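1. Following is a predicted model, sequence given first.
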Amino acid sequence: MLIAIENLLTADELREFRALLDAARWEDGLKTAGALAREVKRNLQLADGEEPAPALGKRILRRLEHNPLFVSAALPLRIHPPRFNRYADGGNYGAHVDSALMPIAGTGVTLRSDLSATLFLSEPDEYEGGELQIEGPFGVQAVKLPAGDMVLYPSSSLHRVTPVTRGARVASIMWIESMVPDDGERTLLFDLDQSIQALGATLPADDPKLLRLSGVYHNLLRRWART
Ligand code: NI
């Protein structure tokens, strides 16, 4: 399942983020690349734990916690602190699958990546190339969203960022461990939840059909969720 979450950040927040990121110290993305990724990763990123990354990351996480579409789609258990990357001058990231297990620095906690997310911080017309291409059961989907929008996709998918041949592409990326690890089960719950919410807007809250559907949602969640 691939889901776009629009307007996670406002225009004012974006301006503030971009000013801080443009002035930040960027380092080679190879620092956090695994053995295979070293061959295909060509970008810059901010050092984990060094400002402004932690402060901006916390603001993104706060936004996600309060975003009903994100919560419904991801059913998050924990989220890796957001990273920030920058692609320019032909920078790209060849086809790869994200690491399954990610230690969260300084916490002793290791997160299983079920979902990956890219929050676009540059407008599409600021750069050429830089598409996020995600391989799925129906072929390759190319994603290039307006600044402030986020795409959520299964961490198990093969994906790449095509070379940026003009301008710069700045984005934030993060990984989510879901309470429902299986993408198929999580997708069913998402579809059901979205339908219940849509019906809830037109039916009274005590409508027996709505109550029964809501019961099905929670009882499936009870079966599939791990906390
Ligand atoms: Ni990746």
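-> Perfect, thanks for sending it. Numbers count the residues shown, from 1 in each chain.
2. Tell me which residues of the strand ranked longest in the chain come out buried.
-> Using DSSP state E, we find that the single longest strand of the chain is strand 164-178. By neighbour count on 16 or more other Cβ atoms under 10 Å, the buried set for strand 164-178 is 164, 167-178. C-beta: built from backbone N, CA, C; applies to glycine.
3. what's the angle from the helix or strand following it to strand 164-178?
-> Proceeding N to C from strand 164-178, the next assigned helix or strand is helix 183-200, under DSSP states H and E. On the basis of axes from the mean of the first three to the mean of the last three Cα atoms, to 10 degrees, helix 183-200 is oriented at 80 degrees to strand 164-178.
4. Next, report how far helix 183-200 is displaced from the centre of its chain.
-> Put simply, helix 183-200 sits 19 Å off its chain's centre (Cα atoms, centre = their mean, to the nearest Å).
5. For that helix, list the C-alpha coordinates in PDB.
-> Extracted in PDB, the C-alpha atoms of helix 183-200 (Å, rounded to 0.1, in the frame of the first residue of the first chain):
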ATOM      1  CA  ASP A 183       1.200  -5.100   5.000                       C
ATOM      2  CA  GLY A 184      -1.900  -7.000   3.800                       C
ATOM      3  CA  GLU A 185      -3.600  -7.100   7.200                       C
ATOM      4  CA  ARG A 186      -2.700  -3.400   7.800                       C
ATOM      5  CA  THR A 187      -4.200  -2.500   4.400                       C
ATOM      6  CA  LEU A 188      -7.500  -4.300   5.200                       C
ATOM      7  CA  LEU A 189      -7.700  -2.400   8.500                       C
ATOM      8  CA  PHE A 190      -7.000   0.900   6.800                       C
ATOM      9  CA  ASP A 191      -9.700   0.300   4.200                       C
ATOM     10  CA  LEU A 192     -12.200  -0.700   6.900                       C
ATOM     11  CA  ASP A 193     -11.400   2.200   9.100                       C
ATOM     12  CA  GLN A 194     -11.700   4.700   6.300                       C
ATOM     13  CA  SER A 195     -15.100   3.300   5.300                       C
ATOM     14  CA  ILE A 196     -16.300   3.400   8.900                       C
ATOM     15  CA  GLN A 197     -15.200   7.000   9.200                       C
ATOM     16  CA  ALA A 198     -17.000   8.000   6.000                       C
ATOM     17  CA  LEU A 199     -20.200   6.200   7.100                       C
ATOM     18  CA  GLY A 200     -19.900   7.800  10.500                       C
END
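6. Mind giving me the packing neighbours of the next helix-or-strand element following that helix?
-> Downstream of helix 183-200, the first helix or strand assigned by DSSP H and E is helix 208-224. Contacting helix 208-224 under the criterion 3 or more Cβ pairs under 8 Å, 6 or more residues apart in numbering; DSSP states H and E are the following elements: helix 183-200.
7. in the helix it packs on, what counts as buried?
-> Burial within helix 183-200, assessed by neighbour count using 16+ other Cβ under 10 Å, is assigned to 183, 185-186, 188-190, 192-193, 196.
8. Test my guess that residue 57 contacts residue 172.
-> Yes - with contact defined as Cβ atoms under 8 Å, residue 57 reaches residue 172; the gap is 7.4 Å.
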